[in-house]
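Novice: Dropping a prediction and its sequence here:
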Amino acid sequence: MNTAAKQFVRDATRLSADLRHRGLIQTALGKYEVKRDEMKARFHDWERARQLAADTKWEAINHLDQYLDQFVRQLEARGTKVHWASSARQARDLIRGILAARGARTVVKSKAMTAEEIHLNEDLERAGFTVVESDLGEFIVQLRQEPPYHIVFPAMHLTRGEIKDTFEARLHDAPSDTPEELTMVARRVLRQKYVEADAGITGANFAVAETGMISITENEGNARLTAALPTTMITLLGIEKIVPRLEDLALLLPLLSVAGAGQLLSGYNTLYGGPRQPGEPDGPEEYHVVLLDNGRTAYLADAEQRDALHCIRCGACLNVCPIFRNVGGHTYGTTYSGPIGSVITPNLRGLPDWKHLSYASSLCGACTETCPVKIDLAHHLLQNRRNASRVKPSWWQKLAFKLFAPVANSQFLWRWLVTKGGRVGWVFHRLVLGTRFDPAYAWTRTRDLPPIAPQTFREWWRARQNGSAEAGNGGNAAKP
Amino acid sequence: MTVTLFIPCFVDLLYPQVGMAMVRILERLGHRVVCPESPACCGQPAFNTGYWDESRAVAAKVVDQLKSAEVVVIASGSCGAMMKVFYPDLFAGTPLEATARAVASRCFEFSQFLVDRLGVTDLGARFPHKVTYHDGCHSLREMHIHAAPRKLMASVRDLELIEMRQPVCCGFGGTFSAKFPMISTAMGEVKCDAALETKAEYIVSSDSSCLMHLQGLIDRRKLPLKTIHLAEILAAS
Ligand code: SF4
């Protein structure tokens, strides 16, 4: 096993047995589920809305070249400087360059998963900039020097008490653990930072090709301050954020909020169209948009999984995923966790190192069922597994499945090797059952295993065909 | 009609009474039942692990055996999904593609066959117990079966169905349960908690593999729960 897989198994083992963690996540998401279902019910037809959103994103992704071009032309017409970054490193270099040219020292950021993806904060801090996260959840995990736990709720794994302790240790200010007072502490700190900041960095939820505008959805107003107060604004976004028309937002904004947070519409939905125009009272002097590829065009070339680029990063698939809910967001060791992370990470960062994420799924399909833009997530996990075993097969698994085929296909071998052989094997298996010597220890450590029935179905069927009296009911049933 | 009943490996070896119940019900309804003795597997373990060539070696035999069947009834929602939904993918671009698609179109899971194909909901069964129903994920989300088992249970005398709050996975997931036993077990615990909350005596399902996982946990932890396959209830009178 490689390092990433080892770390995953180690952390998953610890957290899936951690009942406190399980309870915390269940409570947090339990509230979300109630609100989400309430809001879904307000749609005339939620399923139609999903299909429409999927069609819209399909159109955007399948004509990405045209829409990106339109988007950029519109932005540039209003004086925005547009930059293209093909890799994470190039994006970091570009952003550092913009900041240096503006003589910036302090940067305030609103929530941006693309910035996590390229590890922007670490890079800027290493270069001597002060970086402050302004989204409350991000602010908290930044204080704790942790990555976000969830793409929408970065601090969902923390209790009020833990947040209070963090504030006390890092800000020396935590009057109580009530959410109101803690928020006031964060607000005091952040307001000061907004005034001091030389530049603001944001992400984007959508990029409207028709009008050349960035759409940002948030609940705290922090992105608006990040964009409005500093003299320089930088938006970093993946090229897949494009939507063709402004009116598409009428569907996508509520869809994002309902699926992601159980809100009909988030508190603030703002469109940004460029730097301050002549005669305008506010807005940044300079506006830079950095368009990030970082593996996305390679994904675009994969006809089977291209729809993964439809993702609007709503987090709904994480919320319903029983794996995510049991192992938690940090266990994945990736920027994007949960089902979408397990689908795209192995393709973006290498199958050999990351395929374990595609295997760590019961393929229950809750993700596919919930995704508001209808990404075929569960089936993509299967395709990743197929590709992984093509690239680098595990010889013993391949051999086992190769040997299994003739056995399953032969009446004779099934009867003698599996059925009768299995009964003999059981006699010995019983002796080591549930111990370290048990070859089925992975199962029997926590679960009992039924023995092979005294009369299997095929034995019964054969006896019946041969005209002997109808045989008994000899299975492993709990008899009523 | 002649019904070809496909009995997958774990039903054959571990839960034969489920297959027997299906045979009796189908015969009682006046159909002729045939059961191919081999192959004993639909090829799903290899498929789900990513070994599609090895899976095809088993699945090709299944397709061949079933190609002239009038209808195929599968004694598991999970194997049903494999044959109905995944065979077309598995055989895409191979000479067997058309045959696999034709077989897939004639495949039914047991409860789906009774309700949607035969239009039967009342089998005259009686089961005086409180039960909750576990939707196997493949039944629910690949086969889109939700109403059929509930319609069948609604006609069982003295059966009281109490639904769990959410349809969540039991954590089995085939080889997943052995590759990631700790996650699988945690998921099973969550499922058992949900079932216990309903105060039902039985977890009923159309998937013996899910029930094997849950029963394994129930036995180990001595939980006040039992598991039973829907067909066994329907065969009881
Ligand atoms: S894959 Fe779908 S559900 Fe998951 S984050 Fe993306 S849009 Fe949301």
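Specialist: That came through, no problem.
Novice: Helix, strand, or coil at the residue of chain B found nearest chain A?
Specialist: Across chain B, no residue is closer to chain A than B:Gly173, which sits at 2.8 Å (CB to the nearest CB). Every C-beta, even on glycine, is put in place using the N, C-alpha and C of the backbone. Under DSSP: H, G, I helix; E, B strand; the rest coil, B:Gly173 falls in the coil class.
Novice: From B:Asp89, how far out is it?
Specialist: 19 Å (CB to CB, to the nearest Å).
Novice: Next: A:Thr226.
Specialist: 46 Å.
Novice: low pLDDT regions in the stretch 151-300 of chain A?
Specialist: Judged against pLDDT under 70, the stretch 151-300 of chain A has no low-scoring part.
Novice: For chain B, what is the nearest residue in it?
Specialist: A:Gly262 (14.6 Å).
Novice: Chain B - how does it break down into domains?
Specialist: B:2-117, B:130-235 (automatic domain parsing).
Novice: mean confidence score for the last one?
Specialist: Just to be clear, that refers to domain B:130-235. The average of the pLDDT scores along domain B:130-235 is 96.
Novice: who's in contact with whatever residue of chain A ends up closest to chain B?
Specialist: Proximity of chain A to chain B (CB to the nearest CB) peaks at A:Ser362, 2.8 Å away. Shown in contact with A:Ser362 (CB atoms under 8 Å, 6 or more residues apart in numbering or on different chains): A:322-323, B:137, B:169, B:171-174, B:176-177, B:184, B:187.
Novice: Can you lay out the residues you listed as TSV showing neighbour count and distance to the ligand?
Specialist: As requested, the contacts of A:Ser362 are exported to TSV (neighbours: other CB atoms under 10 Å in any protein chain shown; distance: CB to the nearest ligand atom, whole Å):
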residue	neighbour count	distance to the ligand
A:Pro322	25	15
A:Ile323	32	13
B:Cys137	28	17
B:Cys169	29	17
B:Gly171	30	21
B:Phe172	26	23
B:Gly173	29	20
B:Gly174	18	23
B:Phe176	23	20
B:Ser177	25	25
B:Ser184	31	22
B:Met187	28	19
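Novice: In a markdown table, list these along with distance to A:Ala442.
Specialist: Below are the contacts of A:Ser362 laid out as a markdown table (distance: CB to CB, whole Å):
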| residue | distance to A:Ala442 |
| --- | --- |
| A:Pro322 | 19 |
| A:Ile323 | 17 |
| B:Cys137 | 21 |
| B:Cys169 | 18 |
| B:Gly171 | 13 |
| B:Phe172 | 13 |
| B:Gly173 | 13 |
| B:Gly174 | 13 |
| B:Phe176 | 11 |
| B:Ser177 | 8 |
| B:Ser184 | 9 |
| B:Met187 | 15 |
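Novice: and of those, the nearest to B:His213?
Specialist: Among the contacts of A:Ser362, B:Phe172 lies closest to B:His213 (CB to CB), at 3.9 Å.
Novice: Helix, strand, or coil at the spatially closest residue to B:Pro181 that is not a sequence neighbour?
Specialist: In this structure, B:Pro181 finds its nearest non-sequential neighbour in A:Ala442, 4.5 Å apart by CB to CB, 6 or more residues apart in numbering or on different chains. Secondary structure, three-state DSSP: A:Ala442 is helix.
Novice: okay, now A:Ala442: neighbour count?
Specialist: 17 (other CB atoms under 10 Å in any protein chain shown).
Novice: want to try a markdown table for the domains of chain B, with distance to A:His21 as columns?
Specialist: Below are these laid out as a markdown table (distance: least, CB to CB, whole Å):
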| stretch | distance to A:His21 |
| --- | --- |
| domain B:2-117 | 28 |
| domain B:130-235 | 10 |
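Novice: how about those, which one is nearest A:Asp448?
Specialist: domain B:130-235 (3.9 Å).
Novice: thought B:Ser209 was touching B:Phe172?
Specialist: Yes - in terms of CB atoms under 8 Å, B:Ser209 counts as a neighbour of B:Phe172; the distance is 5.6 Å.
Novice: So which residues of the chain form strands?
Specialist: Using chain A here. Ranges of strands in chain A, per DSSP state E, are A:81-85, A:106-109, A:130-133, A:199-202, A:206-208, A:213-218, A:232-238, A:242-243, A:268-272, A:286-292.
Novice: wait, chain B
Specialist: Going by DSSP E, chain B shows strands at B:2-6, B:32-34, B:71-74, B:107-109, B:130-134, B:160-161, B:202-205, B:226-229.
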